[in-house]
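>>> Quick one, fold the following:
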Amino acid sequence: MDPRSELIREVFAQFGRAYFEAQSVEKELMVLLATVLGPGDDWLNQNGMAVLLDRYSKNTFGQLAYELKKKGVPTVVLDEIEAAVKDRNWLAHNYFWDRAIDFAREDKREGMVKELAAMADRFAALDAKLTPLVRKWGSDRGVTDEVVRQTMDRMMSEVGESA
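All right, here's what the predicted structure looks like:
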């Protein structure tokens, strides 16, 4: 592959990585709202977490952030979440439009790669801050890493069967 094509591929790869990391944060917010900041164990035992996850899956990233704000999440974390919402929305709706001239110029693509990689790193760092909150909630209720792994394996096999 020629260097020009390789750099184009790298822009798209970093865009995909950034978007993947953004979705990871978004899903972590859903789980956080359903568990740690949710209605409590009694409600979850009666109704199941799937009800809340289904409800929250209909919300946008910004709506999830707003729900967290209503729940009194510390400002430091909320500021990072709100910045992530802005980054994600720009990535999803305007990134390539705003960077069209840069993308067309071979000498500017490397800057796009760095920009997208930095954005992906910010999303990943935020996800790394949120994940322990959910894991602690689960471990306090007997949800071990093994239970999570088995559940994920079961879900993946169900996806494979339906494909």
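
>>> Report all helices and strands that the longest helix belonging to the chain contacts.
Counting residues, the longest helix found in the chain (DSSP state H) is helix 106-140. Applying 3 or more CB pairs under 8 Å, 6 or more residues apart in numbering; DSSP states H and E, one finds that helix 106-140 contacts helix 3-34, helix 75-93, helix 100-104. Using the backbone N, CA and C atoms, a C-beta is placed for each residue, glycine as well.

>>> could you point out which element follows the first one?
Read that as helix 3-34. helix 41-47 (DSSP states H and E).

>>> Tell me which residues of that following helix come out buried.
residue 44 (16 or more other CB atoms under 10 Å).

>>> Let me see the mean pLDDT of that helix.
The average of the pLDDT scores along helix 41-47 is 87.

>>> One more: stretch 122-129?
Computed over stretch 122-129, the average pLDDT equals 96.

>>> before we move on, what about stretch 82-100?
97.

>>> again with stretch 138-147
Here the average pLDDT along stretch 138-147 is 79.

>>> hang on, the earlier thing: pull out the buried residues from the longest helix of the chain.
Buried residues in helix 106-140, counted by 16+ other CB under 10 Å: 109, 112-113, 115-116, 119-120, 122-124, 126-127, 130, 133-135, 137-138.

>>> picking up where we left off before, name the stretch among the helices and strands packed on helix 106-140 that sits most buried.
helix 3-34 (a mean of 18; mean count of other CB atoms under 10 Å).
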